[in-house]
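Enquirer: Got a predicted model here, sequence first, then my questions.
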Amino acid sequence: MRAVLGSRSFCVVMYILHVLADPLSQCTIHPDNNLHTVSSTSSTPVSVSFTNEGNADLDVLWLSSSGAETSMGYMEPQDTLYFSTYSGHAWRVRLLVSRDVVFEVTLPEGVSGDTEYSVGGDCVGGKSEEDPDEKYFADSLFRTSRSYELVSNPDEVDAKVATSPCSDLGLSDWVSRSVAVPGYHVLCVVMEEPPASAQHTEWGMDVEAWREGYRPVNQNAGQVFMGSSIMDIRQYIEELLGFRRTDKFLDNARSAIRRRLTTRGVRGSGMEYAWAHLPHAWAMFTPTRDRILSAADLYSSLQREEGRARGLVLVFEGGQFIYPGVEVGFNRSIWISDAEMEFTLTTLSVRPLVFGIDNFLKPEEVEYIVSNAAPHMQDSPVSLMDKDKGKKATEFRTSQLLFMSSAKYPALSPLDVRVAGLTGCKMEQQEAVQVLKYEVGQYYLPHLDFWDPQYYQDPSMVRSSRAGHRNRLSTVFWYMSDCEGGHTAFPNAPVSDQRVSQVLLAEGEENRQILAGGAIDNYRGTMECPYGLRVPPKKGNAILFYSLLPSGDGDALSQHSACAVKQGTKWAANKWVWNEKARS
């Protein structure tokens, strides 16, 4: 959207919207305050820019749901500011000195392309223009999803796995039998007569692909890759899997950003809020969680036999390793060489993606953490969404916490190594250990561990999270006491289909009422905990759940709560793992 502001006459000449959405269906213009609204229930990502064509300095403000103003940047005459925002959000422009309002708008829903409107009278559809830069913006946005697609015929998937050249290499452990996994793909790579080394001038390989974790691509199609570099390999895989965010796309997006910043005169604060937040490049991994960065890495990961080499390659469009759930109840053995420990990950749910881990902590580690944390526990704070600004943390959370870093508590260093080995992420991607204490009646209402930019539009949050692309990837949460109640619950888990998310019942609970999909208000749900997917505290055990999908987008189904403790004291702790270096 572009608003051209004539500050000399204090009126709006016109504005242009750039979004990807359905055609405009209904809109109303209010000439008295220049407020433009559209009736809709959706929320569409929008690229918005304001241009000052007057002769006075202006202040661009974002409005929270309560009407509170947040300054997003100043504009001198002829300046332009760019922002990533959402339809339904409200913006206001004031004269910097007098603070008079010269423009106010609520971004409308349902506009497609670049559409121009005049203020006053009825809503008038304008001309449509093609701005290639807008596609880069729209396709680069961080999004949040709560939908999923079931695998229609798991038996058919099994039959195709059985005929794959990689069937005996554990392919079934990496192909989904339950749901499509956005941004996750499995490759079976076969080299006939492999060269002596990856330094060979040109070498070829047959590639069988399983898109979204289960859809066969190139089954018996005879596709053969020929090339000599990792760039060749990446380009081939992008074409094979039909990627949207290709390496070339990211390069072009960076060029489009530079072009906008240069040709439209963006400077100062406008640079900070330009739509320059780009997603991570996609990445390849081996099944042992090693990142493939070169042709040599790929070549060395293959299993050599007489006359050929074979292996599995896992592709993640979000750039981070994430275990596929495969199906509810699936058990995966994980060996962490640096810690010399082995764990079994049991799939409790495939959406949200939740794994159970028995005996994650040693008894002496539990004793060390609790004894050192107990004297220093403080009331837990909350990162409030824009709509909740001004509320007290105790309206959402009544526990106590303490952050413990391995720098201050060296005995925690083995936990850093363990979490890194478990998740396949570097230790620098971890936050410090968060220790939690819940007494009887204490709780934490349903919340997300990742930041959705739709709800956190504060400028500092937009910068630090790179508009959502720098975010928490997963949570390793462990229990350090037994108590009654105090479950970790996932209220939105679709337990109505137990192929997706199972109902966890304790002994004697066979007849309790189970709700799913937010069919009860948050407070009552947290106190009574009538949810199917709820994990009881058990000393030494842990869960691993993912906030982001393999595509790099957020999983709204990962919303979770700490149900109220009924009896005893709940001690727990967690490590948040980011998709890049953790925020300090």
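Expert: Received it, and whenever you're ready, just let me know what you need. As the structure is a computational prediction, the values presented were derived from the model and not from experiment.

Enquirer: could you pull out the strands for the stretch 201-350 of the chain?
Expert: With DSSP state E, counting those that start in this stretch as the criterion, the stretch 201-350 of the chain has strands at 203-211, 215-217, 224-227, 283-285, 291-292, 303-305, 308-316, 331-336, 341-350.

Enquirer: Which residues does the fourth one contact?
Expert: Right, the one you point to is strand 283-285. By C-beta atoms under 8 Å, 6 or more residues apart in numbering, the residues outside strand 283-285 that reach it are I237, R291, I292, L298, V313, L314, V315, F316, G319, Q320, F321, G424. Using the backbone N, CA and C atoms, a C-beta is placed for each residue, glycine as well.

Enquirer: redo that, cut-off 6 Å
Expert: Defining contact as C-beta atoms under 6 Å, 6 or more residues apart in numbering, one finds that strand 283-285 is touched by R291, I292, V313, L314, V315, F316, G319, F321.

Enquirer: With the shortest one instead?
Expert: Residues external to strand 291-292 that are found in contact with it (C-beta under 6 Å, 6+ apart): M284, F285, L298.

Enquirer: Would you format the residues you listed as JSON lines with distance to I336 included?
Expert: Below are these laid out as JSON lines (distance: C-beta to C-beta, whole Å):
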{"residue": "M284", "distance to I336": "21"}
{"residue": "F285", "distance to I336": "16"}
{"residue": "L298", "distance to I336": "24"}
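
Enquirer: of the residues you listed, the lowest pLDDT goes to which?
Expert: Of all the contacts of strand 291-292, L298 carries the smallest pLDDT score, 91.

Enquirer: number of nearby residues for it?
Expert: Neighbour count of L298, defined by other C-beta atoms under 10 Å: 21.

Enquirer: Kindly report the same for A407.
Expert: Neighbours of A407 (other C-beta under 10 Å): 9.

Enquirer: Likewise for D206?
Expert: 18.

Enquirer: again with the one 4 residues further on
Expert: Other residues near W210 number 29, with proximity taken as other C-beta under 10 Å.

Enquirer: pLDDT at it, what is it?
Expert: Listed pLDDT for W210 reads 94.

Enquirer: can you map out the helices along the protein?
Expert: 132-140, 154-162, 230-241, 247-263, 269-272, 295-301, 363-373, 413-423, 459-464, 522-528 (DSSP state H).

Enquirer: Please point out which parts of the last one sit buried.
Expert: By neighbour count, and taking 16 or more other C-beta atoms under 10 Å as the criterion, the buried residues in helix 522-528 are N522, G525, T526, M527.

Enquirer: what about the nearest residue to S465 once chain neighbours are set aside, distance to T288?
Expert: In this structure, S465 finds its nearest non-sequential neighbour in W451, 4.8 Å apart by C-beta to C-beta, 6 or more residues apart in numbering. As judged by C-beta to C-beta, to the nearest Å, W451 and T288 stand 31 Å apart.

Enquirer: Distance to L58 and pLDDT added to the buried residues of helix 522-528, as CSV?
Expert: Shown next, in CSV, are the buried residues of helix 522-528 (distance: C-beta to C-beta, whole Å; pLDDT from 0 to 100):
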residue, distance to L58, pLDDT
N522, 40, 91
G525, 45, 92
T526, 45, 94
M527, 49, 95
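
Enquirer: okay if I get these as TSV plus distance to E104?
Expert: Putting the buried residues of helix 522-528 into TSV (distance: C-beta to C-beta, whole Å) gives the following:
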residue	distance to E104
N522	32
G525	38
T526	38
M527	41
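
Enquirer: The helices of the chain: lowest mean pLDDT?
Expert: helix 269-272 - the lowest mean pLDDT of those, at a mean of 40.

Enquirer: burial of the nearest residue to L348 once chain neighbours are set aside, as a residue count?
Expert: Of all residues beyond its chain neighbours, the one nearest L348 is V354 (4.5 Å), with distances taken as C-beta to C-beta, 6+ apart. By the criterion of other C-beta under 10 Å, V354 has 28 neighbours.

Enquirer: thought V354 was touching S547?
Expert: No: in this structure, V354 is not within contact of S547 by C-beta atoms under 6 Å, at 11.1 Å.

Enquirer: mind listing what's buried in stretch 77-93?
Expert: Within stretch 77-93, judged by 16+ other C-beta under 10 Å, the buried ones are 79-93.

Enquirer: just stretch 326-339 next, same as before
Expert: By 16+ other C-beta under 10 Å, the buried positions in stretch 326-339 come out as V326, E327, V328, F330, R332, I334, I336, A339.

Enquirer: and the gap between the first one and T347?
Expert: Between V326 and T347 the computed distance is 6 Å (C-beta to C-beta).

Enquirer: Ok, the second one next?
Expert: For E327, the distance to T347 equals 7 Å [C-beta to C-beta].

Enquirer: Show residues contacting stretch 545-555.
Expert: 143-145, 181-184, 279, 316-318, 322, 352-354, 449-450, 452, 472-475, 558.

Enquirer: Just the buried subset of the residues you listed, please.
Expert: Burial by neighbour count, judged by 16+ other C-beta under 10 Å, picks out 144, 181-184, 279, 316-318, 322, 352-354, 449-450, 452, 472-475, 558 from the contacts of stretch 545-555.

Enquirer: Now, those residues that are in strands?
Expert: T144, Y184, F316, L353, V354, R472, L473, S474, T475 (DSSP state E).

Enquirer: CSV for the residues you listed, including pLDDT and distance to V217?
Expert: Formatted as CSV, these follow (pLDDT from 0 to 100; distance: C-beta to C-beta, whole Å):
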residue, pLDDT, distance to V217
T144, 92, 27
Y184, 98, 13
F316, 98, 16
L353, 98, 23
V354, 98, 28
R472, 97, 31
L473, 98, 26
S474, 98, 27
T475, 98, 32
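
Enquirer: Can you tell me which of the buried residues of stretch 326-339 is nearest G67?
Expert: Checking these against G67 with C-beta to C-beta, the nearest one is V328 at 45.5 Å.

Enquirer: higher neighbour count, W451 and T288?
Expert: Using other C-beta under 10 Å as the criterion, W451 and T288 rank with W451 on top: 22 against 11.

Enquirer: one step back: most packed of the helices of the chain?
Expert: helix 413-423 (a mean of 20; mean count of other C-beta atoms under 10 Å).

Enquirer: what's the angle from that one to strand 341-350?
Expert: 50 degrees (axes from the mean of the first three to the mean of the last three C-alpha atoms, to 10 degrees).

Enquirer: so what secondary structure elements neighbour helix 413-423?
Expert: Using 3 or more C-beta pairs under 6 Å, 6 or more residues apart in numbering; DSSP states H and E as the contact test, no helix or strand touches helix 413-423.

Enquirer: Next, the angle from it to strand 331-336.
Expert: In terms of direction (the same axes, to 10 degrees), helix 413-423 departs from strand 331-336 by 130 degrees.

Enquirer: So what's the residue count around L141?
Expert: With other C-beta under 10 Å as criterion, L141 counts 21.

Enquirer: picking up where we left off before, between V354 and S547, what contacts are shared?
Expert: The contact sets of V354 and S547 do not overlap (C-beta under 6 Å, 6+ apart).

Enquirer: and Y214, what does it touch?
Expert: Contacts for Y214 (C-beta under 6 Å, 6+ apart) come out as V151, V157, V175, S176.

Enquirer: The closest residue to the last one other than its chain neighbours and R234, how far apart?
Expert: Taking C-beta to C-beta, 6+ apart as the measure, S176 lies nearest to G213, with 3.8 Å between them; neighbours along the chain are not counted. Counting by C-beta to C-beta, the gap from G213 to R234 is 20 Å.

Enquirer: Please apply the same query to G486.
Expert: 46 Å.
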